[in-house]
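Participant: what's the 3D shape of this:
(one chain, ligands or ions: 2)
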Amino acid sequence: MPKARIAVLISGRGSNLQALIDAAANPDFPGDIALVISNRPNAKGLERAQEAGIQQETIDHKDFENREDFEAALNDALKIAKIDFVCLAGFMRLLTDSFASDWRGRLINIHPSLLPAFKGLHVHERMIEAGVKVAGCTVHFVSSEVDAGPIIGQAVVPVLPGDTEETLAARILEQEHLLYPACLKLLIDGKARLSGNSVPYTEDVIVNGSLTNPPVK
Ligand SMILES: Nc1nc2c(c(=O)[nH]1)N[C@@H](CN(C=O)c1ccc(C(=O)N[C@@H](CCC(=O)O)C(=O)O)cc1)CN2
Ligand SMILES: NCC(=O)N[C@@H]1O[C@H](COP(=O)([O-])[O-])[C@@H](O)[C@H]1O
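Facilitator: Ligands and ions are numbered 1, 2, ... in the order given. Alright, predicted model coming up:
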């Protein structure tokens, strides 16, 4: 059984990409990271792909008239690479309903909050301001509505006295690097999938076994 072909879409640093690359290096992992695409030319994550010998491409959204043309270029690259599943990892472009529908059930994202709380951008600053006592991260299926797709897994961390945006973000990131590979494995193994065929996305996500705070390997 050939391994699933995974594409990772990034915009920056790529530490979640690195966590997925490291997980996929394990012969038992059911997927290969076959392609990395960045919408920003100098994203550090591209160097990580290069380092790992993974095909990488820059498809700069600024080179396109509109989102549809940008996404048509994304889809061409994904098609040529025979991609089965797409992971958004710090990918900072909103995707249209058409793209989300084309990849329904095969497109996931990681977000550094316990969704549905703190959707969108600047979440660590907003969490500190809100004075929450727990925080975390979420892996979810991508729907046209931002940060609203069905949740696959979450990991929780404490917010400690004296925490800054940076110290909280670092604590959450540690969990992101455990949660994302674990959720991707569930997706590839068919243990996390969308039920039914309803649009908009109100259907349940089926996950065999709970996926909270995956164990540290
Ligand atoms: N249709 C969807 N697209 C994306 C989702 C999603 O859930 N549904 N998740 C995001 C990731 N993300 C939060 O997790 C996020 C990314 C980007 C933005 C945003 O406002 N982007 C601006 C541009 C910002 C920039 O270029 O720096 C934009 O696209 O105009 C909000 C949330 C990925 N896409
Ligand atoms: N809204 C999406 C979002 O905020 N994603 C967040 O961007 C960071 C990317 O880090 P990385 O480039 O080191 O993986 C991660 O913390 C991820 O959860």
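Participant: phi, psi for V156 please.
Facilitator: Backbone torsions for V156, taken as degrees, to the nearest 10, come to phi -110, psi 140.
Participant: which residues sit in contact with the closest residue to it other than its chain neighbours?
Facilitator: Nearest non-adjacent residue to V156, counting by CB to CB, 6 or more residues apart in numbering: G136, 4.3 Å away. Heads up, the C-betas are built off the backbone N, CA and C, glycines and all. Contact partners of G136, counting by CB atoms under 8 Å, 6 or more residues apart in numbering, are S113, L114, Q154, A155, V156, V157, I172, Q175.
Participant: paired strands for the one helix or strand G136 maps to, with orientation please.
Facilitator: Using DSSP states H and E, G136 sits in strand 134-141. Partner strands and pairing direction for strand 134-141 (DSSP bridges) are strand 107-111 (antiparallel), strand 151-158 (antiparallel).
Participant: could those strands go into JSON lines alongside distance to Q50, mean neighbour count and mean pLDDT?
Facilitator: Putting the strands paired with strand 134-141 into JSON lines (distance: least, CB to CB, whole Å; neighbours: other CB atoms under 10 Å; pLDDT from 0 to 100) gives the following:
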{"stretch": "strand 107-111", "distance to Q50": "22", "mean neighbour count": "24", "mean pLDDT": "98"}
{"stretch": "strand 151-158", "distance to Q50": "29", "mean neighbour count": "20", "mean pLDDT": "94"}
